[in-house]
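Trainee: Need coordinates for the below:
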Amino acid sequence: MSLKIDIVRCLSDNYAYIIYDTYSKNVGVVDPSEFDKINTFLEKKYNKLDFIINTHHHADHIGGNSELKKKFNSKIVAYSGDTYRINDVDIKVNNNEIFHFGKTKFKVLKIPGHTSGHISFYSSEEKVIFTGDTLFSFGCGRIFEGSYLEMFNSLKKIKSLPKDTKIYFGHEYTVNNINFCLSFDQKNIFLNKKLEEIKSNLKNNIFSTPSILEDELKGNLFLKANNPAEFKKYRELKDSF
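Mentor: Numbering: from 1, shown residues only. Model (predicted):
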């Protein structure tokens, strides 16, 4: 295992991830929402940034790109189809391609629905995936540019990964997401225990990210949906929850 991951809370509820490959000494950041908090962390720990890795084009995921690139001369990695709305992309990636981050190999998985060009970065060796705003802990992203069918299929793709995969997601929505799931399954012992655990952790500044896919399969309504119509029903109800 050569990948180390630090979590940086940004804006009101965003997560950015500083990743470090112990073999190559490469440093990267996944979805830097803002410059200041990422820069402060980097100056204290690494004082370098080789790669800026974006899952999608929304401003709360690329807000720090330009200033970080300018300061550290970093390379921006993003989906090839989003270069018209993510500026100064150096490394354009596509579905099923491998992005080499030192010794760590990330497979790029295209997972549209939240946006049309949304991608994730999955390492089978490290058993981690960065899902951006497609899959949250016990939730999923809103449908902005894609279709319900696309999002259903994107989640299906993530569901097929090994159950011990760690999911690093884009926002701290976990308590609200669990409450939504419980509104359909109030007596779910696992979810009720998980809710109290997450609440306690957050009070002690322990983040809910990463989640484990096995837990998501047990309690995440959006992953448990058997068909696109059922998924659409849950997603529409969650929009106004």
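Trainee: any idea where the helices of the protein begin and end?
Mentor: Using DSSP state H, the helices of the chain run over 35-45, 59-62, 65-72, 148-159, 174-182, 189-203, 213-219, 221-224, 228-239.
Trainee: Just confirm residue 223 contacts residue 214, I think it does.
Mentor: No - at 10.9 Å, residue 223 and residue 214 do not qualify as touching, with contact defined as Cβ atoms under 8 Å. Just so you know, the C-beta spots here come from the backbone N, C-alpha and C atoms, and that holds for glycine as well.
Trainee: Which one's more surrounded, these two?
Mentor: Neighbour totals were compared for residue 223 and residue 214, and residue 223 leads with 19 against 11 (other Cβ atoms under 10 Å).
Trainee: Distance-wise, check the more buried one relative to residue 127.
Mentor: 18 Å (Cβ to Cβ, to the nearest Å).
Trainee: before we move on, what about residue 33?
Mentor: According to Cβ to Cβ, residue 33 and residue 127 sit 25 Å apart.
Trainee: quick one: which of those two has more around it?
Mentor: Neighbour count, other Cβ under 10 Å: between residue 33 and residue 127, residue 33 has more, with 26 against 17.
Trainee: Leaving out the residues flanking it, which one is nearest to the more buried one?
Mentor: Excluding the flanking residues, the one nearest residue 33 by Cβ to Cβ, 6 or more residues apart in numbering is residue 10, at 3.7 Å.
Trainee: Show me what the one you found is bridged to.
Mentor: Under DSSP bridges, the beta-bridge partners of residue 10 are residue 14.
Trainee: burial count for residue 67?
Mentor: 15.
Trainee: my bad, should have said residue 156
Mentor: Neighbouring residues of residue 156 were enumerated by other Cβ under 10 Å; the total is 14.
Trainee: Need the pLDDT of it.
Mentor: In this model, residue 156 is scored at 97, pLDDT.
Trainee: measure it to residue 183 for me?
Mentor: In this view, residue 156 and residue 183 are 23 Å apart by Cβ to Cβ.
Trainee: Confirm for me that residue 220 is in contact with residue 181.
Mentor: Yes - the pair residue 220 and residue 181 qualifies as a contact (Cβ under 8 Å) at a distance of 6.8 Å.
Trainee: which neighbours do those two share?
Mentor: Jointly contacting residue 220 and residue 181 under the rule Cβ atoms under 8 Å, 6 or more residues apart in numbering are residue 138.
Trainee: Now the phi/psi pair for the closest residue in space to residue 201 that isn't next to it in sequence, please.
Mentor: If the residues on either side of it in the chain are set aside, residue 201 comes closest to residue 208, at 6.6 Å by Cβ to Cβ, 6+ apart. Phi and psi for residue 208, reported as degrees, to the nearest 10, are phi -90, psi -10.
Trainee: Just confirm residue 208 contacts residue 172, I think it does.
Mentor: Yes - the criterion here is Cβ under 8 Å, and residue 208 meets it with residue 172 at 6.4 Å.
Trainee: any shared contact partners between the two?
Mentor: Common contacts of residue 208 and residue 172 (Cβ under 8 Å, 6+ apart): residue 202.
Trainee: which other residues reach stretch 194-210?
Mentor: Contact with stretch 194-210 is made by 5, 7, 9, 15, 128, 137-138, 166-169, 172, 174-175, 178-179, 182, 215, 219, as judged by Cβ under 8 Å, 6+ apart.
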